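In: starting from these lines, generate the structure:
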Amino acid sequence: MTSSTGGGYDGSWDLTVTVPSLETTKTVKVKGSLHIGGLLLKISETLQTGEKEDWSDYAIWWPERNAWLLRTRSTLDQCGVQGGSVLEFIRMHQELHFYLPDLRVVKLRTNFSVSVFRVVIQVCKKLDIRYPEELSISRKLDRSELKRNQGVSAVRRAKTSTSGLEGGRKNSLSPNGSELGGGRRGSVTPAGTIDRGLKPFDAGAFSVSTHSLDGQLGGDLELGNNPGISVQEALQSILHCPKNYVEKARLNAGWLDSSRSLMEQGIRAEDAVLLRVKFYYFYDLNPKFDRVRINQIYQQMRWSLMCGEYGCTDDEMLLLAALQVQVDEEMRRRKKSLGAEDKEMEDEREDEEGDEGGVEAALDSLQDALDRSSLSRRPSDITKVPQLQDLLSYYRPKKLGLKSYKKGYFVLRDLALSVYKNESKVNQETKFHQDLTKCEVSQTTNFARKEFLIKLLISDLNETKKELIIRLDSTEKYAKWLVAFRLATKGRTMADSGYEEDVESLKSVLNLQRMSTKQTRQSSSGYDSPKFDPESCLAPRILKKMSAQEAVNRISAIHSHVTRMSVREAQMEYIRAWQQLPETGNAYFVVKFQNQKKEELLAISPDHMARLDIHTGEPLRTWTYTAVENWSVNWDTCHVHLQVNGEKLALQCYTADCKVIHEFIGAYIFLMLRSSDKGGQELDEEYFQKLTGGRD
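Out: Take a look at the predicted model:
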């Protein structure tokens, strides 16, 4: 018996449930006290199709609330489900297309009910990629979306321009390791976030092969090799070529929230998304274990330069092009000399190159870890602070002033730089003293003039900018001082265990880069120049500056010095050279700081944040993560609050959701806190979610 309102006199009422897979709609008699588990049982009993069906992969999706109902012990009343609600009974695992960093497409059965972070872990496991916390998923934005902002709308901007800059949920962060806010899975979209209705792109619109993954098949799909996609196809159909810093910032609007599910963010079955390296803070890159991972990082770096996402000089591009040619040549050689059955054996042989066996390689890796660990515990690291000192040339630019270098005795100790008149004046009267944590460092090299310049940009609280340009006369000095300056601006000293390794890496890159200045090819004995198209390895803007033959000659001059490198060695050298570029790894956002009238650029890099000029990209202020005392996010007004060295900052992002900025900062802090001991390192998913989730 029912009442006039359609509900039963016993308190029951009709609930409408649609089942898209069966193209049917059912009505289930329920009470508000019925728990979700009981509703699942009622629905499965209602769906009698003759044959016994397995409904274990089905769950309840609530389209109106854009949320999964996964807590089986919660009642309908607790969830807010009422008589007029319409629920869906759908599969949790469905097919999804992933564009990998090398631009090939794989089709994977994916769980749409778990967080994006968990999806990335599952995908990386199938692709044989270690450390999935360095990757994430992004929508593929339309080209038209690079022309407009995806963050706070103009209407919302007007409503919140005079309010909301105080308060917000606080997430404290201090050097002693205090935690940030907690995360909550499956929460409803907070007010003020960006529109989740952006349409993913059609996977069938591109002539790229699609593969299906039904296990850990990364090796079977040759994900450690080049898929052979042409530059023209990639630039026209898949990649975006930003024209300025604002368009670079708009590229970050596509990142999905790692704490929420795919369904909650508008992704549906058979859609296509981008799996990309999001955080350029790489942990334990090992050619023996990371064949697929290294290749995917290399491919993403390569395409980021080809489409102009990151800039570089002509000499730097030529060096990277030569390494790419070596990678391509080695891959072609392998394909030509090996049959399909022998490729797997060749991969194993390459992984064990230089080792007598797998056990010995593991022992060597363990010994390296122990050496690094013991190095950090040496008593000399405590009693003797490492320092650099030398007589160098420098000048401080002034308006209407002439460029005149002076001599000074430079001493870099701890995180401070002191300049004296000469060596005898050390620890007496200083000509110049600067805390390097308040500086931004950049560099310029000119091998033709044998000139190596390091530029320190100094900003104070009044945002007045001063420059100090230091000239060095050799690559040896240049590498030592540049790496030391970079570490100091990040709050780290030369006692850091990676200092010597970074110096040697930079010297290796400089030695190869020096070859790119030679206009004519100087072949080594027996060198046979490979045939290659310069358009496949040089960005279009570089090709406009030189003829195709000149490009071939200059690339070949460098390539003659790297012909003995294996595929993985050349890719690792490419990654090291890419990391030396000034802008690489930066994630840009157009923001407006509190009490500022104009929009500016916020750059978030693996080791610091920077406030940049929106037109030139020139740094105005920098902050290291170690200097961040606490921070908070007001989700209703989309304001991010920071307290750095006692200074309070508030900003609003116009090109992406404030959650994207929140996640970048939290993730880089998480990656920096990973142990340097590579033995037994495990992913702490709960802690990652606490740092990046930002919800109570």
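
In: which elements pack onto the longest helix along the chain?
Out: Taking DSSP state H as the criterion, the chain has its longest helix at helix 314-337. With contacts taken as 3 or more CB pairs under 8 Å, 6 or more residues apart in numbering; DSSP states H and E, helix 314-337 sits against helix 291-306, helix 499-515, helix 540-543, helix 548-559, helix 567-579. (C-beta placed from N, C-alpha, C; glycine too.)

In: turn those into JSON lines, columns for mean neighbour count.
Out: Below are the helices and strands packed on helix 314-337 laid out as JSON lines (neighbours: other CB atoms under 10 Å):
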{"stretch": "helix 291-306", "mean neighbour count": "23"}
{"stretch": "helix 499-515", "mean neighbour count": "18"}
{"stretch": "helix 540-543", "mean neighbour count": "15"}
{"stretch": "helix 548-559", "mean neighbour count": "21"}
{"stretch": "helix 567-579", "mean neighbour count": "22"}
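
In: how about JSON lines for those, with mean pLDDT added?
Out: JSON lines is the format used below for those (pLDDT from 0 to 100):
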{"stretch": "helix 291-306", "mean pLDDT": "95"}
{"stretch": "helix 499-515", "mean pLDDT": "84"}
{"stretch": "helix 540-543", "mean pLDDT": "90"}
{"stretch": "helix 548-559", "mean pLDDT": "90"}
{"stretch": "helix 567-579", "mean pLDDT": "93"}
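
In: residue 450 is nearest to which of these?
Out: Residue 450 lies closest, by CB to CB, to one member of the helices and strands packed on helix 314-337: helix 499-515, at 9.7 Å.

In: now the strands for the stretch 351-500 of the chain?
Out: Along the stretch 351-500 of the chain, the stretches classed as strands by DSSP state E, counting those that start in this stretch are 387-395, 406-413, 416-420, 432-435, 439-446, 451-459, 465-472.

In: can I assume residue 609 is in contact with residue 589?
Out: No: judged on CB atoms under 8 Å, residue 609 makes no contact with residue 589 at a distance of 10.0 Å.

In: joint contacts of the two?
Out: Counting by CB atoms under 8 Å, 6 or more residues apart in numbering, the contacts common to residue 609 and residue 589 are 602-603.

In: tell me the mean pLDDT for the longest helix of the chain?
Out: Helix 314-337 carries an average pLDDT of 90.

In: which stretches of the stretch 101-250 of the chain have low pLDDT?
Out: Within the stretch 101-250 of the chain, the segments meeting pLDDT under 70 span 150-221.

In: where exactly do the strands run in it?
Out: Secondary structure of the stretch 101-250 of the chain (DSSP E, counting those that start in this stretch): strands at 105-111, 135-138, 169-172, 210-213.

In: about what we covered before: show me what counts as buried in the longest helix of the chain.
Out: Using 16 or more other CB atoms under 10 Å as the test for burial, helix 314-337 gives 314-331, 334.

In: ok, how many other residues are close to residue 565?
Out: Residues contacting residue 565 under the criterion other CB atoms under 10 Å number 19.

In: how about the contacts made by it?
Out: Contacts for residue 565 (CB under 8 Å, 6+ apart) come out as 323, 326, 330, 573.

In: okay if I get these as TSV plus distance to residue 663?
Out: As requested, those are exported to TSV (distance: CB to CB, whole Å):
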residue	distance to residue 663
323	32
326	36
330	37
573	31
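
In: pick out the most distant pair among the residues you listed.
Out: For the contacts of residue 565, the farthest-apart pair by CB to CB is 330 and 573; their separation is 12.5 Å.

In: could you export stretch 128-139 as CSV, CA atoms only?
Out: The C-alpha coordinates for stretch 128-139 follow below in CSV (Å, rounded to 0.1, in the frame of the first residue of the first chain):
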residue,chain,number,x,y,z
ASP,A,128,56.9,-1.3,-15.8
ILE,A,129,57.6,2.3,-14.7
ARG,A,130,59.0,2.8,-11.2
TYR,A,131,58.2,5.7,-8.9
PRO,A,132,54.7,6.6,-10.2
GLU,A,133,54.5,9.6,-7.9
GLU,A,134,56.5,11.5,-10.5
LEU,A,135,53.7,11.2,-13.1
SER,A,136,50.0,12.2,-13.3
ILE,A,137,47.1,12.5,-15.8
SER,A,138,46.1,15.5,-17.8
ARG,A,139,43.3,16.3,-20.2
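
In: right, so of the strands of the stretch 351-500 of the chain, which gets closest to residue 129?
Out: Nearest to residue 129 among these is strand 439-446; the distance by CB to CB comes to 32.0 Å.

In: about what we covered before: please save the CA atoms from the longest helix of the chain in CSV.
Out: Presented in CSV, the C-alpha positions along helix 314-337 are these (Å, rounded to 0.1, in the frame of the first residue of the first chain):
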residue,chain,number,x,y,z
ASP,A,314,71.2,27.2,-30.4
ASP,A,315,74.3,25.5,-29.0
GLU,A,316,72.3,23.7,-26.3
MET,A,317,69.7,22.5,-28.9
LEU,A,318,72.5,21.2,-31.2
LEU,A,319,74.0,19.2,-28.4
LEU,A,320,70.6,17.6,-27.5
ALA,A,321,70.0,17.0,-31.2
ALA,A,322,73.3,15.0,-31.5
LEU,A,323,72.3,12.9,-28.6
GLN,A,324,68.9,12.2,-30.1
VAL,A,325,70.6,11.2,-33.4
GLN,A,326,72.7,8.7,-31.4
VAL,A,327,69.6,7.3,-29.7
ASP,A,328,67.8,6.9,-33.1
GLU,A,329,70.9,5.4,-34.8
GLU,A,330,71.3,2.8,-32.0
MET,A,331,67.6,1.9,-32.1
ARG,A,332,67.7,1.5,-35.9
ARG,A,333,70.9,-0.6,-35.7
ARG,A,334,69.2,-2.9,-33.2
LYS,A,335,66.1,-3.3,-35.3
LYS,A,336,68.1,-4.0,-38.4
SER,A,337,70.5,-6.6,-36.9
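
In: okay, and residue 662 sits in which element?
Out: Residue 662 belongs to helix 658-672 when elements are defined using DSSP states H and E.

In: just the mean pLDDT for that helix, thanks.
Out: Helix 658-672 carries an average pLDDT of 90.

In: that helix: which residues count as buried?
Out: Residues 658-671 are the ones in helix 658-672 that count as buried (16+ other CB under 10 Å).

In: likewise for stretch 683-693?
Out: Using 16+ other CB under 10 Å as the test for burial, stretch 683-693 gives 688-693.

In: also stretch 261-277?
Out: Neighbour-count burial for stretch 261-277, counted by 16+ other CB under 10 Å, picks out 261-267, 269, 271-277.

In: farthest-separated two in those residues?
Out: Farthest apart among the buried residues of stretch 261-277 by CB to CB are 269 and 277. That separation is 25.4 Å.

In: and residue 533, how many neighbours?
Out: Neighbours of residue 533 under the rule other CB under 10 Å: 12.

In: per-residue confidence at residue 21?
Out: With respect to pLDDT, residue 21 scores 90.

In: in three-state terms, label it for me.
Out: Under DSSP: H, G, I helix; E, B strand; the rest coil, the three-state class of residue 21 is coil.

In: how about the contacts made by the spatially closest residue to it that is not a sequence neighbour?
Out: Once flanking residues are discounted, residue 21 sits nearest to residue 91: 6.6 Å by CB to CB, 6 or more residues apart in numbering. Neighbour list for residue 91: 21, 57-58 [criterion: CB under 8 Å, 6+ apart].
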